[in-house]
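Chemist: Task: produce atomic coordinates for the following.
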Amino acid sequence: MKKVLFLIALSAIMASSAMAQLTHKGIRFGLGPSYVNDDQLTSLPVIGANLGVYANYGFENAQSFWADNLYLQFGFNLTRRGTHFEQVLENIRSYRQGTFRNYYAEIPVMACWRYELPTLEPDHYLNFYVGPVLSVGLFGRYHDRCITPGYPQSAMNYDTYLSSNKDDRRSFKNIRRLDCSVQLGVGYKHGKITVDLIWEHGFGPLMREDDV
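Modeler: The predicted structure is shown next:
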């Protein structure tokens, strides 16, 4: 259902872009926490990063009350995401910990609304963003370590950093490469400088694991 809504939103934004004209373009860089939500694992964030370009398309020639404030934003980003995780199975005295550090190419497609602040000096705006994002994994590093003193099986005692198989340390040999997500954002713009606060939530699970 979430993927269907994602495709509907993307189709609606793309259809609207046929009437839009290029108004602004720029470069965006940001840092922030990145982590994974999981029912079985406790996760802590790693430092995420984002470097990309974007172009804004407005409806300045449209004869409508919303034309001056509504615009579309298309972008291309190189993004670093990941998480620290750990899992404790108290009944069998097992402890597992690890880290994902992944790099993605992202294509965000945002519907945006701007509001000019009622200040004495013009050109002060609040921007609001919402829209879907398609992410493709490029490369990454994966560390997964498990220690279970009472069980000698290799499935319960391993360390991917010590494995002779290099694929054990490559993220996208162990997790999904594609993800669909949604972005919500708010920003402040004055002149050519924009400061944004953006939250992104992915819908695709990283990997499938058996229930314990």
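Chemist: Tell me which strands whichever strand or helix holds Thr79 pairs with, and in which orientation.
Modeler: For Thr79, the element it lies in under DSSP states H and E is strand 70-89. Note on strand 70-89: by DSSP bridges, its sheet partners are strand 42-44 (antiparallel), strand 46-58 (antiparallel), strand 94-116 (antiparallel).
Chemist: quick one: stretch 105-117 to chain centroid distance?
Modeler: Computed by CA atoms, centre = their mean, to the nearest Å, the separation of stretch 105-117 from the middle of its chain amounts to 15 Å.
Chemist: What residues sit buried inside that stretch?
Modeler: Going by neighbour count (16 or more other CB atoms under 10 Å), the buried part of stretch 105-117 is 106, 108-112, 114. Any C-beta I mention is one placed from the backbone N, CA and C, and that applies to glycine too.
Chemist: any idea of the mean pLDDT in stretch 114-129?
Modeler: Mean pLDDT, stretch 114-129: 90.
Chemist: Start and end of it, how far apart?
Modeler: With CA to CA, to the nearest Å as the measure, the first residue of stretch 114-129 is 9 Å from its last.
Chemist: got the buried residues for it?
Modeler: Judged by neighbour count (16+ other CB under 10 Å), stretch 114-129 contains these buried residues: 114, 127, 129.
Chemist: I'd guessed the first one sits against Phe59; true?
Modeler: Translated: Arg114. No: if you go by CB atoms under 8 Å, Arg114 and Phe59 don't touch, sitting 12.0 Å apart.
Chemist: shared neighbours, the two?
Modeler: The overlap between the contact sets of Arg114 and Phe59 (CB atoms under 8 Å, 6 or more residues apart in numbering) consists of Tyr71.
Chemist: show me where pLDDT drops low in this structure?
Modeler: Using pLDDT under 70 as the threshold, the predicted model of the chain has low-confidence ranges 1-20, 60-67, 208-212.
Chemist: so how far is Gly98 from Trp107?
Modeler: Careful, residue 107 is Ile and not Trp. Distance from Ile107 to Gly98, counting by CB to CB, to the nearest Å: 29 Å.
Chemist: again, but for Tyr158
Modeler: 11 Å.
Chemist: got a list of what the residue of the chain positioned farthest from its centre touches?
Modeler: Note on the chain: the largest separation between a C-alpha and the mean C-alpha position, by CA atoms, centre = their mean, falls on Gly150 (39.1 Å). Residues in contact with Gly150, defined by CB under 8 Å, 6+ apart, are 92-93.
Chemist: Next, work out how far apart it and His84 are.
Modeler: Gly150 is 25 Å from His84, where distance means CB to CB.
Chemist: do Arg28 as well
Modeler: 26 Å.
Chemist: ok, for Val136, nearest residue in space, not its chain neighbours?
Modeler: Beyond its immediate neighbours in the sequence, the residue positioned closest to Val136 (CB to CB, 6 or more residues apart in numbering) is Ala105, lying 5.0 Å away.
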